[in-house]
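*Asks:* Need the 3D shape of this:
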Amino acid sequence: MNSTIEIRNKPKASIIFHEDKFEIIDSKDIGNNGFYLFDKLLNIDVIERKTDWFITIISFIVDIFTGSASGSNYKNKAHLKIDLEEHSIKIWLSSEDIDKAHKAKQLLNEAILNK
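*Replies:* Numbers count the residues shown, from 1 in each chain. As a prediction, the model looks like this:
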């Protein structure tokens, strides 16, 4: 199988697919780096950047009572979430990386089905 998909350019993040495992190389969060077995893979999700309405509303209510009126709209960061049996991995994304992350999700799902 041995194919590679680059998820993020700066800082570099990629997934290398091997026969029965995959390797993550993440320059931003080296704790993500390593080899992972497809057998241990539970779920893959691409979480796109979106407004966190709960935090935004709480912030608005606090602003009303404190008179600060900053009125910020809080957003969650986009990331590729890979759930394994032992832990979860989050690879942070920018808006340009979303399509690549969806491709990585597709390839990981295909690898699970083909094992």
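
*Asks:* Tell me the spacing between the residue of the chain most remote from its centre and Ile61.
*Replies:* For the chain, the largest distance from the centre (C-alpha atoms, centre = their mean) belongs to Gly67, which lies 36.3 Å off. Here Gly67 is placed at a distance of 12 Å from Ile61 (C-beta to C-beta, to the nearest Å). (Each C-beta comes from the backbone N, C-alpha and C, glycine too.)

*Asks:* Same check on Ser27?
*Replies:* Distance of Ser27 to Ile61, computed by C-beta to C-beta: 39 Å.

*Asks:* Could you check which of these two is surrounded by more residues?
*Replies:* It is Ser27, of Ser27 and Ile61, that has more neighbours when counted by other C-beta atoms under 10 Å, with 13 against 10.

*Asks:* Regarding that one, what are the backbone dihedral angles?
*Replies:* In this entry, Ser27 is assigned phi and psi values of phi -70, psi -20 (degrees, to the nearest 10).

*Asks:* Quick one: classify Lys28 as helix, strand or coil.
*Replies:* Secondary structure, DSSP: H, G, I helix; E, B strand; the rest coil: Lys28 is coil.

*Asks:* which residues touch it?
*Replies:* Applying C-beta atoms under 8 Å, 6 or more residues apart in numbering, we find Lys28 in contact with 8, 11, 13, 91-92.

*Asks:* Among these, name the buried ones.
*Replies:* If you count burial by 16 or more other C-beta atoms under 10 Å, the buried members of the contacts of Lys28 come out as 8, 13, 91-92.
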